[in-house]
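Visitor: here's my sequence, what's the structure:
(2 chains)
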Amino acid sequence: NAGVMQNPRHLVRRRGQEARLRCSPMKGHSHVYWYRQLPEEGLKFMVYLQKENIIDESGMPKERFSAEFPKEGPSILRIQQVVRGDSAAYFCASSPSGLAGGQETQYFGPGTRLLVL
Amino acid sequence: GQNIDQPTEMTATEGAIVQINCTYQTSGFNGLFWYQQHAGEAPTFLSYNVLDGLEEKGRFSSFLSRSKGYSYLLLKELQMKDSASYLCAVRDPNDYKLSFGAGTTVTVRA
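Guide: Residues are numbered from 1 along each chain as shown, chains lettered A, B, ... in the order given. This next block holds a predicted model:
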């Protein structure tokens, strides 16, 4: 049973370019979360999605960032016109249910490390 | 708001015991998680507490006191491979989001 898959593992972009980060949840999981980890900082929640729905995007910057989780295919985190401050590790996590009860653990992918030059 | 505090760094000797404390002040609570993260890798789930008391899993144990807003992770019989960052996270009761502390880097020395 494959775990959460993310690609690419490393991504280098120049300022002003677009970055697309992909996440395939664990088999049987329909809930996806994106977190960002800045150097020397903790993981910060960005967005929570279910298939074709954004449930909570309260942690997403208001501009340049968007996320989707289509009916078919991986979840995509898109960053337009990247700036140096976007350099970070972006982690995707999935769970079988978004219900806040029981031991619904979120399982993390290996992350995408974005470097903006 | 969410405020989750844990020490930045700890050092211990192979075979010893280390206790990592986590205090939290959050707008709500629906469980506390501990994750282990090796450098450059994904966080991996270690433990979950929602009721007061101690949960034991092999060499790792986690304790929770909800009235004190306090948890600790206890690592026994330390091994070199335990050198990693340990993340404390609180789950919001209204949804599913995890709020993380900044992590505690544990270094195990021979």
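Visitor: gap between the two ends of stretch A:16-30?
Guide: 32 Å (Cα to Cα, to the nearest Å).
Visitor: any residues of chain A in contact with chain B? List them.
Guide: By Cβ under 8 Å from any Cβ of the partner chain, the residues of chain A that approach chain B are A:4, A:31, A:33, A:35, A:40-45, A:48, A:55-56, A:59, A:91, A:95, A:98-101, A:103-111, A:113. Using the backbone N, CA and C atoms, a C-beta is placed for each residue, glycine as well.
Visitor: can you tell me the element residue A:92 falls in?
Guide: Using DSSP states H and E, residue A:92 falls within strand A:88-95.
Visitor: neighbouring strands - and their directions - for that strand?
Guide: Paired with strand A:88-95 in the same sheet, following DSSP bridges, are strand A:31-37 (antiparallel), strand A:107-108 (antiparallel), strand A:112-116 (antiparallel).
Visitor: and the contacts of the first one?
Guide: Residues from elsewhere that reach strand A:31-37, judged by Cβ atoms under 8 Å, 6 or more residues apart in numbering or on different chains: A:23, A:25, A:43-50, A:67, A:69, A:75, A:77, A:88-98, A:106, A:111, B:96-98, B:100.
Visitor: give me the buried subset of the residues you listed.
Guide: Buried members of the contacts of strand A:31-37, scored by 16 or more other Cβ atoms under 10 Å in any protein chain shown, are A:23, A:25, A:43, A:45-49, A:67, A:69, A:75, A:77, A:88-95, A:98, A:106, A:111, B:96-98, B:100.
Visitor: how many neighbouring residues does residue 63 have?
Guide: Since no chain was named, I'll use chain A. Here the count is done by other Cβ atoms under 10 Å in any protein chain shown, and residue A:63 has 8 residues near it.
Visitor: try chain B instead
Guide: Residues lying near residue B:63 (other Cβ under 10 Å) number 20.
Visitor: pLDDT wise, what is it at?
Guide: At residue B:63, the pLDDT value in this model is 98.
Visitor: show me how far the helix or strand hosting it is from its chain's centre.
Guide: Assigned by DSSP H and E, residue B:63 belongs to strand B:60-65. With Cα atoms, centre = their mean, to the nearest Å as the basis, strand B:60-65 stands 8 Å off its chain's centre.
Visitor: please apply the same query to stretch A:2-13.
Guide: Distance, centroid of stretch A:2-13 to centroid of chain: 10 Å (Cα atoms, centre = their mean).
Visitor: that one: end-to-end distance?
Guide: 29 Å.
Visitor: all strands of chain A, in order?
Guide: Secondary structure of chain A by DSSP state E: the strands cover A:5-7, A:10-13, A:19-24, A:31-37, A:43-50, A:53-56, A:65-68, A:75-79, A:88-95, A:107-108, A:112-116.
Visitor: kindly report the residues of chain B close to chain A.
Guide: By Cβ under 8 Å from any Cβ, the residues of chain B that approach chain A are B:4, B:30-31, B:33, B:35, B:40-45, B:48, B:50, B:87, B:89, B:91-103.
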